[in-house]
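Visitor: Have a look at this prediction, sequence included:
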Amino acid sequence: MRIRRSLIDLDDLTAEELAFVFDRTAQFERKDPGPLLAGKACANMFFEESTRTFTSFNLAEMRLGAHVVNLAPKNLSLATKGETLEDTAITLGALGIGLLVVRHQEAGFPQRVALAFDGHVINAGDGVHAHPTQALLDIYTLIEAFGEIGGRTIAIVGDILHSRVAHSAIRGLARLGASIVLVGPEAFLPGSYAGNGVSVERDFDAVLPEVDAVILLRIQRERIAETPVSDREYIDRFRLDNRRLGLLRRDAIVMHPGPYNRGIELDDSVLEFAGWRYARQVMHGVGVRMAVLDLLVNARQP
Ligand code: NCD
């Protein structure tokens, strides 16, 4: 029997475990499950800014009755006193920390932590690589809207290349049998993304009438030396605005992992659109993370 100790990307979860996480999310949202992590200590190590992910991991841990420590990089000897990542992991383990939630600007960092740390590690976003719990809450939001994801067509629009959210969502949605249409300019979306249930399109207007859901992305400017597409061009071709909302099917939904940049990838009309699901996504982030914490720490078997 293999016990799933860490969640670095969605591939670490079997199909059964994915379904289990979604069932447990629904249960936990209906009724607080009580202190399933009583007496356990969790540390959240965020080397990069975070509002939604950080807050929802904190709430999820606290609702499950865990002891919660938040380690900002400036508090870590790792950053300024030459302590290695491996020695930091030993130290946190000796303090009784059983689970680390890690966000870092470097792809692969949480995996390195997982190799050194005698406990569970959850990747809360590493560079452009992966953001598995965001993909889980996105998929959960789509299941809530449509029941079944298989056979649905989901567009992901914008800076795919630099988006760990997109990379994890593509993996998850493809596994669940969705058709994925990626939309964006060449500089943010090389043609090599096409294949295995994924298509690449440049014409947003042509895609809109064909899809069940649109996931918008922020341009990840902090990961790009010089933005290769001007704001003017991006807005003209890819901003979701009132006119483009009119091209969607009546029951289509629009999502965004946040933070969204008003005036760039969307305008204010999207925030008033009946199918705008952003607040549901954020809300589900707590339940999904409670389900993941319980799965890993309590070694649940679906
Ligand atoms: C994203 C992230 O940090 O990966 N936000 C999130 O966690 N919900 C997306 C982004 O920064 O644009």
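Guide: Yes, it's here.
Visitor: would you list every one of the strands in the stretch 201-302 of the chain?
Guide: 213-216, 253-255 (DSSP state E, counting those that start in this stretch).
Visitor: I'd like those laid out as CSV, including mean neighbour count.
Guide: The way it works is simple: take the backbone N, C-alpha and C, and place the C-beta from them, glycine included. Converted to CSV, the strands of the stretch 201-302 of the chain look like this (neighbours: other CB atoms under 10 Å):
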stretch, mean neighbour count
strand 213-216, 25
strand 253-255, 23
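Visitor: closest to the ligand out of the ones you listed?
Guide: The minimum distance between the ligand and the strands of the stretch 201-302 of the chain falls on strand 213-216, with 10.1 Å, by CB to the nearest ligand atom.
Visitor: Check which helix or strand residue 93 maps to.
Guide: Taking DSSP states H and E as the definition, one finds residue 93 inside helix 85-94.
Visitor: Close to the ligand: what parts of the stretch 51-200 of the chain are there?
Guide: Along the stretch 51-200 of the chain, the residues adjacent to the ligand under the rule CB under 6 Å from any ligand atom are 52-53, 125, 131, 134, 164-165.
Visitor: Check the gap between the nearest residue to residue 26 once chain neighbours are set aside and the ligand for me.
Guide: Nearest non-adjacent residue to residue 26, counting by CB to CB, 6 or more residues apart in numbering: residue 287, 7.6 Å away. As judged by CB to the nearest ligand atom, to the nearest Å, residue 287 and the ligand stand 15 Å apart.
Visitor: same thing with residue 30?
Guide: 24 Å.
Visitor: likewise residue 210?
Guide: Using CB to the nearest ligand atom, residue 210 is found at 25 Å from the ligand.
Visitor: tell me the contacts of that residue?
Guide: Counting by CB atoms under 8 Å, 6 or more residues apart in numbering, residue 210 makes contact with 153, 181.
Visitor: picking that back up, please look at the residue nearest to residue 26 and residue 29 and confirm they touch.
Guide: Yes - contact criterion CB atoms under 8 Å: residue 287 and residue 29 qualify, at 4.4 Å.
Visitor: any low-confidence regions in the stretch 1-150 of the chain?
Guide: When residues are selected by pLDDT under 70, those of the stretch 1-150 of the chain lie in 1-4.
Visitor: residue boundaries of the helices in this structure?
Guide: 15-30, 52-63, 77-80, 85-94, 109-116, 132-146, 164-175, 204-207, 231-238, 242-245, 268-271, 278-297 (DSSP state H).
Visitor: Looking at those helices, spot the one closest to residue 225.
Guide: Ranking these by proximity to residue 225 (CB to CB) places helix 231-238 first, at 16.5 Å.
Visitor: any residues touching that closest one, and which ones?
Guide: Outside helix 231-238, the residues within contact range by CB under 8 Å, 6+ apart are 157-158, 183-185, 202, 204, 219, 263-265.
Visitor: ok, those vs residue 245, which is closest?
Guide: Nearest to residue 245 out of the contacts of helix 231-238 is residue 204 (CB to CB; 11.7 Å).
Visitor: what does the model give the closest one for pLDDT?
Guide: On pLDDT, residue 204 comes in at 98.
Visitor: Please give me every residue in contact with it.
Guide: If you count contacts by CB under 8 Å, 6+ apart, residue 204 has them with 157, 183, 237-238, 244.
Visitor: How about residue 104?
Guide: Residues near residue 104 by CB under 8 Å, 6+ apart: 45, 47-48, 110, 125-127.
Visitor: Contacts made by stretch 180-189 with the rest, please.
Guide: With contact meaning CB under 8 Å, 6+ apart, stretch 180-189 is reached by 153-162, 166, 170, 173-174, 193-194, 197-204, 207, 210-211, 219, 228-229, 233-234, 237-238.
Visitor: got the CA positions of it in CSV?
Guide: Extracted in CSV, the C-alpha atoms of stretch 180-189 (Å, rounded to 0.1, in the frame of the first residue of the first chain):
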residue,chain,number,x,y,z
ILE,A,180,-9.7,22.1,-23.7
VAL,A,181,-9.3,25.1,-25.9
LEU,A,182,-6.4,27.3,-25.2
VAL,A,183,-6.6,30.9,-26.5
GLY,A,184,-3.9,33.5,-26.5
PRO,A,185,-1.2,35.2,-28.6
GLU,A,186,1.8,33.2,-29.7
ALA,A,187,4.0,34.7,-27.1
PHE,A,188,1.8,33.4,-24.3
LEU,A,189,0.7,30.3,-26.0
